[in-house]
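J.: Quick one: sequence plus predicted model below, questions after.
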Amino acid sequence: MRTKVVAGNWKMNKTIGEATALTTELLLLYQAEVKNNAQVILCVPFPFLGATSTQVKGSPLKVGAQNCSEHESGAYTGEVSAGMLKSLEIPFVILGHSERRQYFGEHGALLAKKIDSALAHGLVPIFCCGEPLEIREKGTHEALVKQQVQEALFHLSAEIVTKIVIAYEPVWAIGTGKTATTQQAQDMHAVIRKELAAKYGNNVAQIIPILYGGSVKPDNARELFACPDVDGGLVGGASLKARDFIEIIKGAG
């Protein structure tokens, strides 16, 4: 059975004081209330990685970055390499989030390089895929998501691809208050797993966690996470509120 994963994507939010306070509250609530074994990851802005890692050290909570460069080092002002994250002992990194695709023009070939760099440094990529509203309305969403997975991941060996976490995010349900129905979420997760099985075989496909990322909230988390191919969530806005995020984590057990 795959371990449930609940990752909070803080995006570009909080000051260091607010981040410290949120992490402190999360740790207290987690210790008091969470009884399951879901892997919990806090994907915080770059400036907070060191401080948050220190705070959660010794707890089950882990820290992730929200992006990394495809380059190892060099004259790339403002960029952060996978090697830098590794030197901070950061175990996870989000790659290919829809906002990176939309605002920064990230595409499949680039993301394949980022995946390779992250893996080379022992990081676990949380690879995001998903369709915008116009693609969903055209009925070509399955083809697009398959293409995204193929372009970024299918150069990897069967052994290496099992080190990836995938997050399916219907872009039309991010920050809009809209949520894919439970059946829509399960259907798309099943499509992704079937695509992985076609390439790597069912045994490999069954190992890879696939998270749902689209307005996950305390009142829908348990139902979503109960779907056979939904292995947890990539949580945006709700991860910025300790009580909401804890309730979502509890929904994974």
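T.: Here it is on my side, so go on. Residues are numbered from 1 along each chain as shown.

J.: got the buried residues for the helix or strand of the chain with the lowest mean pLDDT?
T.: Within the chain, judged by mean pLDDT, DSSP states H and E, the helix or strand with the poorest mean is helix 133-138; its value is a mean of 90. Of the residues in helix 133-138, those scored as buried under the neighbour-count criterion (16 or more other CB atoms under 10 Å) are Ile135, Arg136. The way it works is simple: take the backbone N, C-alpha and C, and place the C-beta from them, glycine included.

J.: residue contacts, Leu144?
T.: With contact taken as CB atoms under 8 Å, 6 or more residues apart in numbering, Leu144 is in contact with Glu131, Ile135.

J.: Okay, buried residues for the helix or strand it falls within please.
T.: Take DSSP states H and E as the rule and Leu144 turns out to sit in helix 141-153. When neighbours are counted by 16+ other CB under 10 Å, the buried residues of helix 141-153 are found to be His141, Glu142, Leu144, Val145, Lys146, Gln148, Val149, Glu151, Ala152, Leu153.

J.: Now distance to Val204 and pLDDT too, for the residues you listed, in JSON lines please.
T.: Output for the buried residues of helix 141-153, formatted as JSON lines (distance: CB to CB, whole Å; pLDDT from 0 to 100):
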{"residue": "His141", "distance to Val204": "24", "pLDDT": "96"}
{"residue": "Glu142", "distance to Val204": "20", "pLDDT": "97"}
{"residue": "Leu144", "distance to Val204": "23", "pLDDT": "98"}
{"residue": "Val145", "distance to Val204": "18", "pLDDT": "98"}
{"residue": "Lys146", "distance to Val204": "16", "pLDDT": "98"}
{"residue": "Gln148", "distance to Val204": "18", "pLDDT": "98"}
{"residue": "Val149", "distance to Val204": "13", "pLDDT": "98"}
{"residue": "Glu151", "distance to Val204": "18", "pLDDT": "98"}
{"residue": "Ala152", "distance to Val204": "16", "pLDDT": "98"}
{"residue": "Leu153", "distance to Val204": "11", "pLDDT": "98"}
